[in-house]
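> here is the input, now give the coordinates:
(one chain, ligands or ions: 1)
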Amino acid sequence: SRPQKLAGKKVVVTAGPTRERIDPVRFLTNFSSGKMGYAMAQAAADMGAETILISGPVSLPVPSGVKRILVESAEEMLNAVQAEYATSDVVIKTAAVADYRPISVQAQKMKKKEGGAAIELERTIDILQTLGREKEGQLLIGFAAETNDVAHYAKEKLQRKNADYIIANDVSEAQAGFESDTNRVTVFGKDEFEYSFEMMPKDELARRLLELIVEREAMHDR
Ligand code: PMT
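Down below sits the predicted model:
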């Protein structure tokens with residue numbers, strides 16, 4: 001049997017999109033399918049971690065050996081993650097969290113009117129940045145979906161969000177990022193650490209990512 005490199009560790013993974021309600025029948029969201037995050041959770045559980053998967057609305061089965069908590073909005077995801085944070089060893093933020101939400105949710109379905117319409121938005125709280133500020137020894141791993149200047153933005157997020165690693169995917173590339181079964185990422189860490197993986201299935205990539213990080217962090221000594 002495989003060595004259980006994350007035995008005794010608690011790993012929290014977020015996955016999928018969030019939904020930000022406009023009215024009872026409409027919402028803002030994005031193309032995240034949850035595949036990458038679910039693969040991360042499965043890989044963590046396979047390595048022996050107690051694994052909590054905090055997931056936005058997706059249509060994927062719960063990975064084996066994983067406890068899943070379903071949420072809808074960025075705010076619900078923040079609350080669910082914070083409830084687990086103090087007791088976590090590793091937090092992996094694969095979710096594509098909405099950056100904006102409607103300022104108010106209409107109680108009734110919005111009716112068509114002549115002319116255009118506008119929805120006023122406000123910023124959501126940045127979950128990763130919040131966790132970065134409140135860090136007490138947890139290993140914090142973010143993802144970054146970029147369409148240009150990937151390395152530049154990934155390094156900026158590493159700093160600003162006080163993360164230990166940012167896993168960047170160029171979502172403008174075919175078969176990488178949202179919805180596909182494969183992905184291609186570059187890992188950025190402190191001290192100028194940078195490592196690029198080849199394109200591969202998300203489940204294999206998830207395993208390789210965790211193995212790389214466990215190796216580098218010598219997790220058994222934490
Ligand atoms: O789900 P799939 O279809 O498999 O697609 C996978 C993926 C493309 C969604 C995934 O690989 C990925 O890149 N996830 C991060 C997407 C994202 O929101 O990137 P970002 O650059 O906007 O955010 C950077 C980091 O901050 C992320 O870890 C994100 O979870 C976090 N964040 C962002 C906004 C916010 N309000 N709170 C956050 O915590």
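> is residue 143 in a helix, a strand, or coil?
For residue 143, the secondary structure call by DSSP: H, G, I helix; E, B strand; the rest coil comes out as strand.
> show me which residues of the protein are close to the ligand?
32-37, 74, 93-97, 99, 124, 126-128, 142-145, 157, 169, 171, 177-179 (Cβ under 6 Å from any ligand atom). All C-beta spots, glycine's among them, are computed from the backbone N, C-alpha and C.
> give me the buried subset of these.
Buried members of the residues of the chain next to the ligand, counted by 16 or more other Cβ atoms under 10 Å: 32-37, 74, 93-97, 124, 126-128, 142-145, 157, 169, 171, 177-178.
> sort out for me which of these are in helices.
35, 36, 37, 74, 127, 128, 157 (DSSP state H).
> OK, contacts around the fourth one?
The contact partners of residue 74, by Cβ atoms under 8 Å, 6 or more residues apart in numbering, come to 18, 20, 97, 98, 101, 124, 125, 127.
> apart from its chain neighbours, what residue comes closest to it?
residue 124 (3.9 Å; Cβ to Cβ, 6 or more residues apart in numbering).
> which stretches of this protein form helices?
So, for the chain - with DSSP H - the helices run 35-46, 74-85, 127-133, 150-160, 202-217.
> what sits up against stretch 28-42?
By Cβ under 8 Å, 6+ apart, stretch 28-42 touches 11, 13-20, 22, 51, 53, 55-58, 60, 63-64, 66, 92, 94-96, 98, 100-102, 143, 178-181, 183, 202-203, 205-206, 209-210.
> okay, now residue 156: neighbour count?
Around residue 156 there are 13 other residues, counting by other Cβ atoms under 10 Å.
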